[in-house]
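Chemist: sharing a model prediction with you, sequence too.
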Amino acid sequence: MIQKKICLLGGFAVGKTSLIRRFVAGAFSEQYQTTIGVTIEKKTLLAGDQDVTLMIWDLYGEDDFQKMRESYLRGSSGYILVADGMRRTTLDTAEALHQLAQSTLGPVPFVLIVNKADQLTEWEIDEATLARLRHNGWLVFTGSAKTGDGVSELFLRLTQTMLDAA
Amino acid sequence: MAPSSSSNALPQNIAASLVQKLGAAVLERVGKGNAFRLLGAPPPWWTAAFAPPPESLIDVGDLSPFLQHFLEESESAWKDGPDRVIRSGPWSHRDLASTLHQFETTALTVSGHPLLLIERLDERFDQLQTLLQQARDQRLQQLDQVKTHERTQASLTGSLAAATQERDDVLALLQHLDLAAIVTDRQGCITFISPRCLAWIEREAATVVGQPWEQGLPLESADRTHLRRTWDARTPHRGQQALRFASAPPRWIDYEIHEDPRSPERRIILLQDRTEVLQLRQQLDHHTQFHDLVGRSPAMLQVYQLVHDVARVNSTVLIEGETGTGKELIARAIHYSSPRKDRPFIAANCAGLTDSLLGSQLFGHKRGAFTGAIDDHHGLFESADGGTLFLDEIGDIPPTVQTSLLRVLQEKEITRLGETRPRKVNVRILAATHHNLNEDVIRGTFRADLLYRIRVARIHLPPLRDRRDDIPLLTQTMLAQVCAATGKTITALHPDSLQLLIDYLWPGNVRELKSAVEFAVISARTTCLMPADFPDELRHSQHGHRSSSSQESHSTDPKGDLLRALQRAQGNRTEAAKILGISRATLYRRLLAHGIDVAE
């Protein structure tokens, strides 16, 4: 059995825990509950013809109150950057965390998901911005932890990329 | 005495109790791997979180992936010795029943023993989470507020842009319609004033907005009162008279006051600059009225131009035209348009006078020159010295006077009757006649050389029947004059009356028209002149055929007309002439021609 550690990185309240809960338990709660420290969830999925167990590190959201601890990233085979489509600044935070992760882990696979696609009309992040990121080689997803859109694809795609990179 | 270190040492039993009370699990590393020995009794939460502790060594890496990860980080703490302490920060562990437990782990070395301290956070975690949750909720709320604020701002900016666009459109529309506008609030204070209006009154918006309109507009007292009256009427109202804005140059403004349909307490004043219209009207008046001459027909405009032209020179002018066409008015217009306008204008009627009488009147006489000449008397030429002498009915002057007149025109000097010494005179001669002087010359009744002398310039006045287009304007002008003179109020001329006036041939020309209007005004019983108000001859006359061209052919019984007029005027020649619409001179001439006694 292949086991991979991945981290979810992003600003606070972008929906990291919700994405993990949707992926691991198929559940979603409207109630926002901030994450303190680290919670690790486990989920096994079939990537190609291989079972892969993902150790999913749900790291607290980056903001003025909690700063990312580089040591948590160590051992990650990949990471997911999460941004909230309704807050443009969360994409800036994701890009900053990407820099931190790259400097800590080196060029490991990563994907970006812009969450809360269920409220697309409220989005501040436009398609042109996403196109720019894609142009820079980023794997960019849009999805919603609330509806589940794009969530499985997100984890599967990262897993596949990690396996390809291994 | 300082206490010895041994006396301060924490007794072993106290240390164990303390750790137990704090609810922490203390694990001592055994060897270099992940094997640890639990020191003391396991804390109460241990079994729920990690299953019962084995009797032997515990592989901490198996307890939780986080602890597995933390062991690698803790290695440096144990290597670096007693001063190095590494804290994991809060971490959560989901047990087999999916319950989350919150811990914090510390790696340290005590007395050479590498230890791992696992503390359950419980209340402290909850407090920390509550605190952080509140802070983040607040932050999210702020962000929402900022977003709402930004949206509101964007919406307001959009609304403002739309309102500005609408305002610009309205102003452009007003501009296109040549209008200015003022909006007032319920107190009558100006809340909006269009740029055009500001330009008219030469003020900045800031100095006008907020002011009562009465103070904001540069009006004279009468206009302010008028506007106030219109304002107080509180119904959509167009001002009955133009306001005069005391600006430089002054402007004449028409206005309308409306209620604001969105708020009846607010009022909208629409203003239109009529200055240019008034100026054009004045210019038009100049064209339609020249001195006392009225008319804007092409023939009259040509006459005005001729008058204007001959006024600038000193030539003798012969004014030709039927009786009543206004020959004397032309003469006066020439005089008062000429450089001689400040000197005398004297009119002399040459008809019906004997040669001696006319000669005396024109040239003066010396005492004793003839019977009745009891004193020296200067003539009209001397009286008009420096000015203009108008000789009406010049075709009727006797041959001897023609000779004297020719001398005056040639020599610019006169000789009083009974004198031999000529006197220099500086007089401009204007002459008028209804005769065809060419025919008179052929007949031998008028001197050809005199004709050429007086006809240096000539102006022919068209008969009224040849300029019927002027009849409405003439009638209107005369009506106003007659009403002013008589004190009667006539506000309208019935269309049938106007048609009657237009159809009539007017043998007496403008003079007859004026007489008819006077008659009608006096006869009128209402404020509208009806056909019945006009003299019978207009309605029943056989003159009313436009094909007729000669005034003399209009009447089948000219002598009877004269006698009837005299009878109606009770022998008063002036009144009789007025009734017939002819001049007094023409009346005399016709009376003589028909052998009627001319004595009063």
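Modeler: Right, received. Where do you want to start? Numbers count the residues shown, from 1 in each chain, chains lettered A, B, ... in the order given.
Chemist: for the rest of this, base every contact and every neighbour count on C-alpha atoms.
Modeler: Noted.
Chemist: ok, and the closest non-adjacent residue to residue B:374?
Modeler: Nearest residue to residue B:374, sequence neighbours excluded (CA to CA, 6 or more residues apart in numbering or on different chains): residue B:367, at 5.2 Å.
Chemist: which secondary structure elements does the helix or strand of chain A with the lowest mean pLDDT contact?
Modeler: None of the helices or strands of chain A scores lower by mean pLDDT, DSSP states H and E than helix A:70-73, at a mean of 90. For helix A:70-73, the elements it packs on are helix A:88-105, judged by 3 or more CA pairs under 8 Å, 6 or more residues apart in numbering or on different chains; DSSP states H and E.
Chemist: how about 10 Å then?
Modeler: strand A:2-10, strand A:50-59, helix A:88-105, helix B:65-80 (3 or more CA pairs under 10 Å, 6 or more residues apart in numbering or on different chains; DSSP states H and E).
Chemist: which residue sits farthest out from the middle of chain A?
Modeler: Most distant from the centre of chain A: residue A:49, at 23.7 Å, with distances by CA atoms, centre = their mean.
Chemist: do you know how far that residue is from residue A:153?
Modeler: 16 Å (CA to CA, to the nearest Å).
Chemist: enumerate the residues of the stretch 501-600 of chain B near chain A.
Modeler: Contacts of the stretch 501-600 of chain B with chain A, taken as CA under 10 Å from any CA of the partner chain, are absent.
Chemist: SS state for residue B:389?
Modeler: Following DSSP: H, G, I helix; E, B strand; the rest coil, residue B:389 is assigned to strand.
Chemist: please name the bridge partners of it.
Modeler: Taking DSSP bridges as the rule, residue B:389 bridges to residue B:346, residue B:429.
Chemist: residues touching it, list them.
Modeler: B:331-332, B:335, B:344-348, B:362, B:380-383, B:427-431 (CA atoms under 10 Å, 6 or more residues apart in numbering or on different chains).
Chemist: which stretches in chain A count as strands?
Modeler: Per DSSP state E, chain A carries strands over the ranges A:2-10, A:38-47, A:50-59, A:78-84, A:110-115, A:140-142.
Chemist: same check on the stretch 501-600 of chain B?
Modeler: B:528-529 (DSSP state E, counting those that start in this stretch).
Chemist: quick one on the thing from earlier: am I right that the residue nearest to residue B:374 sits in a helix?
Modeler: No - counting by three-state DSSP, one finds residue B:367 to be coil, located in no helix.
Chemist: do I have it right that it meets residue B:375?
Modeler: Yes - checked against CA atoms under 10 Å, the pair residue B:367 and residue B:375 is within contact range at 4.2 Å.
Chemist: okay, which residue is most central for chain A?
Modeler: In chain A, the residue lying closest to the centroid (CA atoms, centre = their mean) is residue A:80, at 2.9 Å.
Chemist: hang on, the earlier thing: what's near enough to touch the residue nearest to residue B:374?
Modeler: Contacts of residue B:367 (CA under 10 Å, 6+ apart): B:373, B:374, B:375, B:376, B:377, B:417, B:418, B:419.
Chemist: narrow those residues to those in strands?
Modeler: residue B:377.
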